[in-house]
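>>> no FASTA, just this:
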């Protein structure tokens, strides 16, 4: 494939005349949700923009470094936090008999943003998915059981994805906690608030219908 | 549904051309390799979002062009016309549009253009392995019940996961104590979807049988009974179905029975390192007056039965969803005797809209249906005659 004029040999080392810029673009490109084009735009913005538009690169580097040093997963619930244990786990205004099981630290954020939930969390860090190498032994189910016993939990709320993996993980937890004196609940599925009925997919509609309420 | 007109540019060997189709019978004549099937493939691509022959984009694009473009005007059941188009590029680019609006996902295509396709491979429906029959039924049921499709997709996903877990266990990557409980969770997830899949397949076979039997009688001069019936792999499902007349099936009960059956076989599955039973092994019987055509059918019998099943699929779609699909018959008359050919033509004259490709002029020599348009194709160039 080394015929002259096939273009390959013309831009050796990438599209830039700078291996370091190429390296930066490749690093940014590996971030989630960032394609090659956006990565290039960001990289150029960071190193070659005018002084007025550029975020000082040193500031960014420092911010990343500091956040990396200080942010951690709460040793009790697994949420992303700086104080450890996190504020939710140490707050005296939280109902300690209530625990909400979520898959990832990000899943805590919508609950906290909405602000209605008064209990605590337990982050699994993933869902059962042997195809991705995640099996029961890889998730903190033992820790979950200890936590439920120690805190004298009265209600466990399962808030996992409505996917095959989320459902199976919920079923696993249900079996795991069977026989304990506590209430086990799951989030309902249905039509989103403000959503148009006409554009609701058939399965969501069927679920919403199945679990309809008396008015 | 009807395809009113089409324009084709850069598709396989087809020369750039525009077509205005007959609302009823469209006949494409030409020797093998001239481009008959290619036109049918170009039209049917929009129904599936892919080639029905499984061809990649690169193979579909004319050899000296960098992209292809096909436009279709589709008349919906409501009478409204939809302008649909798709384009494929050698760089892997793909655009599908309906009334100028881009479709993002293949799922958005479902139901835009309903088609039923017969080609010589369709006899595998009768003579081939169970996977072809499962696919035929699953697609047919998915067309009339989107909830079925969701369960089928979830079932397949959960089965893959369970398969992965059993494989890991056999390789010693995971330990048995936690895995039993984990397998039980996968079985519970599977059982719910399996119950829906099995019930859907059973229902679809029962929808199909009266129509395929009727079509079969119209195609032949005999009065033999053609039965298409569900042959589930799970005993719990066979039992529930055999007792369904006296004891209507409840999905929840069936789910429980399936789960018990899956759990019962868990130890064997652990030993063998793979799932051993389930709807993934289902089959369907095609029986002509007591004779299993899967094994004992003659060439003519299997072909006639396959045609009857394809026609029945279109009837079920109309009965359940009031949608009349566009039919494609590619090389359908070969190996049918003169009488059956005549009878099939008589039936085709009354179909909603049909596209027929044939290499043999003799087969259609005496056929003069109303509203027929005929094209002759030579080396990718179509001329209306």
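That came through fine. None of these values were measured; they are calculated from a predicted model.
>>> which residues touch residue B:255?
Contacts of residue B:255 were listed using C-beta atoms under 8 Å, 6 or more residues apart in numbering or on different chains, and they are B:191, B:192, B:194, B:195. Bear in mind the C-beta positions are built from the backbone N, C-alpha and C, glycine included.
>>> and the gap between the last one and residue A:98?
In this case it means residue B:195. 34 Å (C-beta to C-beta, to the nearest Å).
>>> higher neighbour count, those two?
Shown here are residue B:195 and residue A:98; by other C-beta atoms under 10 Å in any protein chain shown, residue B:195 has more neighbours (28 against 18).
>>> touching, that one and residue B:251? I think so.
Yes - using C-beta atoms under 8 Å, residue B:195 is in contact with residue B:251, at 5.4 Å.
>>> now the terminal residues of stretch B:370-385, how far apart.
Using C-alpha to C-alpha, to the nearest Å, the end-to-end distance of stretch B:370-385 comes to 15 Å.
>>> again with stretch A:99-106
End-to-end distance (C-alpha to C-alpha), stretch A:99-106: 16 Å.
>>> which stretch of helix or strand covers residue B:27?
According to DSSP states H and E, residue B:27 maps onto strand B:25-29.
>>> can you confirm residue B:253 is in a strand?
No - per DSSP: H, G, I helix; E, B strand; the rest coil, residue B:253 lies outside any strand segment and is helix.
>>> that one - how many residues pack around it?
14.
>>> model confidence for the spatially closest residue to it that is not a sequence neighbour, exactly?
Residue nearest to residue B:253 in three dimensions, not counting chain neighbours: residue B:240, with 7.6 Å by C-beta to C-beta, 6 or more residues apart in numbering or on different chains. pLDDT recorded at residue B:240 is 96.
>>> helices or strands up against the host helix or strand of residue B:240?
Assigned by DSSP H and E, residue B:240 belongs to helix B:235-242. Here helix B:235-242 touches helix B:176-219, helix B:251-264, going by 3 or more C-beta pairs under 8 Å, 6 or more residues apart in numbering or on different chains; DSSP states H and E.
>>> and those, which is most packed in?
The highest mean neighbour count among those, using mean count of other C-beta atoms under 10 Å in any protein chain shown, belongs to helix B:176-219: a mean of 21.
>>> and it, how far out from the chain's middle?
Computed by C-alpha atoms, centre = their mean, to the nearest Å, the chain-centroid distance of helix B:176-219 equals 17 Å.
>>> can you name the element that comes right after it?
Taking DSSP H and E, what comes next after helix B:176-219 is strand B:226-231.
>>> note down every partner strand of that next one and its orientation.
Strand B:226-231 pairs in its sheet with strand B:283-288 (antiparallel), by DSSP bridges.
>>> next helix or strand past the partner strand?
Following strand B:283-288 toward the C-terminus (DSSP H and E): strand B:291-292.
>>> packing partners for the helix or strand following that next one?
Counting by DSSP H and E, the next helix or strand C-terminal to strand B:291-292 is helix B:293-296. Secondary-structure packing of helix B:293-296 (3+ C-beta pairs under 8 Å, 6+ apart): helix B:124-127, strand B:283-288, helix B:299-321.
>>> how about 10 Å then?
Judged by 3 or more C-beta pairs under 10 Å, 6 or more residues apart in numbering or on different chains; DSSP states H and E, helix B:293-296 is in contact with helix B:124-127, strand B:226-231, strand B:283-288, helix B:299-321.
>>> residues near residue A:201, how many?
Neighbour count for residue A:201, taken as other C-beta under 10 Å: 11.
>>> with residue B:295 instead?
8.
>>> and for the one 3 residues further on?
Around residue B:298 there are 11 other residues, counting by other C-beta under 10 Å.
>>> and it, what is it in contact with?
The contact partners of residue B:298, taken as C-beta atoms under 10 Å, 6 or more residues apart in numbering or on different chains, are B:288, B:291, B:304.
>>> pLDDT score for it?
The score at residue B:298 is 89. That number is its pLDDT.
>>> and the strands in chain A?
A:72-73, A:80-81, A:98-102, A:120-123, A:155-158, A:183-186 (DSSP state E).
>>> most tightly surrounded among those strands?
The most buried one of these (mean count of other C-beta under 10 Å) is strand A:120-123, showing a mean of 24.
>>> that one packs against which elements?
helix A:87-90, strand A:98-102, helix A:108-114, helix A:141-150, strand A:155-158.
>>> neighbouring strands of that strand in the sheet, and parallel or not?
When DSSP bridges is applied, strand A:120-123 pairs with strand A:98-102 (parallel).
>>> return the distance of the strand it pairs with from the chain's centre.
Using C-alpha atoms, centre = their mean, the offset of strand A:98-102 from its chain centre is 15 Å.
>>> which bits of chain A sit near chain B?
Contacts of chain A with chain B, taken as C-beta under 10 Å from any C-beta of the partner chain, map to A:128-139, A:141-142, A:163-176, A:201-207.
>>> in PyMOL, select just the buried ones from those.
Only the buried entries of the residues of chain A next to chain B go into this PyMOL selection, using 16 or more other C-beta atoms under 10 Å in any protein chain shown:
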select buried, chain A and resi 128+129+130+134+135+136+138+139+141+164+165+166+167+168+169+170+171+172+173+176+203+204+207
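>>> restricted to helices, list the residues of chain A next to chain B.
A:141-142, A:164-176, A:202-207 (DSSP state H).
>>> one step back: so in that sheet, which strands flank the strand holding residue B:27, and in what orientation?
strand B:354-358 (parallel), strand B:372-378 (parallel).
>>> list phi and psi for residue B:268.
Main-chain torsions, residue B:268, degrees, to the nearest 10: phi -60, psi -40.
>>> quick one: neighbours of it, just the number.
Residue B:268 has 10 nearby residues by other C-beta under 10 Å.
>>> please apply the same query to residue A:210.
Using other C-beta under 10 Å, residue A:210 has 9 neighbouring residues.
>>> mind giving me JSON lines with the strands of chain A and columns for mean pLDDT?
Shown next, in JSON lines, are the strands of chain A (pLDDT from 0 to 100):
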{"stretch": "strand A:72-73", "mean pLDDT": "93"}
{"stretch": "strand A:80-81", "mean pLDDT": "92"}
{"stretch": "strand A:98-102", "mean pLDDT": "96"}
{"stretch": "strand A:120-123", "mean pLDDT": "96"}
{"stretch": "strand A:155-158", "mean pLDDT": "96"}
{"stretch": "strand A:183-186", "mean pLDDT": "94"}
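>>> who wins for proximity to residue B:115 among those?
Among these, the nearest to residue B:115 by C-beta to C-beta is strand A:183-186 (40.8 Å).
>>> touching the closest one from outside, list them.
With C-beta under 10 Å, 6+ apart, strand A:183-186 has contacts from A:98, A:100-101, A:153-160, A:162, A:167, A:170, A:173-174, A:177-178.
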